[in-house]
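[1] Quick one, fold the following:
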Amino acid sequence: MGTYNKSGYEKVNGINMYYEIYGEGVTPLVLIHGGGSTIQSTFGKLIPFLAKSNQLIAVELQAHGRTSDRDQAESFEQDAKDVTTLLGQLNITKANFLGFSNGGTTTLHIAAHYPAVANKIVVISANYQREGLIEGFYNGFGDATIAHMPEPLKAAFLAVNPDHNALQTMFEKDKQRMLDFTDLSDNDLKGITSDTLLMVGDQDVIRPEHVVKMSGLIANAQLVILPGAHGAMIGENLNPGVSDKTIGITAHLIDTFLNQ
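    A predicted model of the protein is given here:
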């Protein structure tokens, strides 16, 4: 994990939102983590690669890690509003965005609904509609308890926020958001004007065919399918055996896209 230049909190739409800033660059790259995650559990291994040539602003979303909760359900729409509001408060009018998994869905919402702030977007292993998830994804999902939450994600949360009640709250809200997953429309994606890099693993929980469909809807989209499971290409902490070379290849593809 790289060392950040700055970390802090901003009061954003009723929550105390945590962020970290790494590296230097002209147009910042905003990192949006996956569900059940923190900055470190999603991006801890990728940040050192990307920070070499970019300014990074990594955020933690509602109820995740060090960011507080609010008395309402999580939604991708609200997360998009929170991230763009935070950037406004940091006096950033234009940014690139990189979102993984649920963070990728949030990134699509930002590009669709806040086009003025979205320069280029990188969407890794994310779906825009429920049908994008692999068959069987929801089997037993409604009955899941925190005992089913992967231990590395629990440990990463508690490392930055030792409140077990906050962990339980995040789990319940993340679960409910997936049960209530609200689709973006094809027209939403057709309306995205940002240059877009779509990335997915060939053994992902997102169907590669779904991401191919997305690449046909977004006008300025490039598509990369890499070998591996969900999160492997970025070294997300449920994939501890991934080599730095693999993560470096992913970072190189991202940097090449951002610098085109």
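[2] remind me which residues of the protein are low pLDDT?
    Within the chain, the ranges that satisfy pLDDT under 70 run 1.
[3] how about the strands of it, start to end?
    Using DSSP state E, the strands of the chain run over 6-12, 15-22, 29-32, 56-59, 95-100, 118-124, 195-203, 221-229.
[4] Between those, which one is closest to I39.
    When the strands of the chain are compared by C-beta to C-beta, strand 56-59 sits nearest I39, at 4.4 Å. Glycine gets a C-beta too; all of them are placed from N, C-alpha and C.
[5] Can you list the helices and strands that that closest one packs against?
    strand 15-22, strand 29-32, helix 39-43, helix 47-50, helix 76-89 (3 or more C-beta pairs under 8 Å, 6 or more residues apart in numbering; DSSP states H and E).
[6] For the third one, buried residues please.
    Buried residues in helix 39-43, counted by 16 or more other C-beta atoms under 10 Å: 39-43.
[7] and those as JSON lines, adding distance to M178?
    Listed next are the buried residues of helix 39-43 as JSON lines, based on distance: C-beta to C-beta, whole Å:
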{"residue": "I39", "distance to M178": "21"}
{"residue": "Q40", "distance to M178": "22"}
{"residue": "S41", "distance to M178": "18"}
{"residue": "T42", "distance to M178": "17"}
{"residue": "F43", "distance to M178": "21"}
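[8] got the contact list for V59?
    17-19, 30-33, 39, 67, 83, 86 (C-beta atoms under 8 Å, 6 or more residues apart in numbering).
[9] Could you rerun that using 7 Å?
    Contact analysis of V59 by C-beta atoms under 7 Å, 6 or more residues apart in numbering lists 17, 19, 30, 32, 83, 86.
[10] before we move on, what about T38?
    60, 64-65, 156-157, 160.
[11] Neighbours of the spatially closest residue to Q176 that is not a sequence neighbour, how many?
    Distances taken as C-beta to C-beta, 6 or more residues apart in numbering place A73 nearest to Q176, at 6.2 Å, with adjacent residues excluded. The number of residues packed near A73 is 12, by other C-beta atoms under 10 Å.
[12] Figure out which of the helices and strands packed on strand 56-59 is closest to N165.
    strand 15-22 (16.3 Å).
[13] count of neighbours near the closest residue to D69 other than its chain neighbours?
    The shortest distance from D69 to any non-neighbouring residue, by C-beta to C-beta, 6+ apart, is to A63 (4.2 Å). Here the number of neighbours of A63 (other C-beta under 10 Å) works out to 20.
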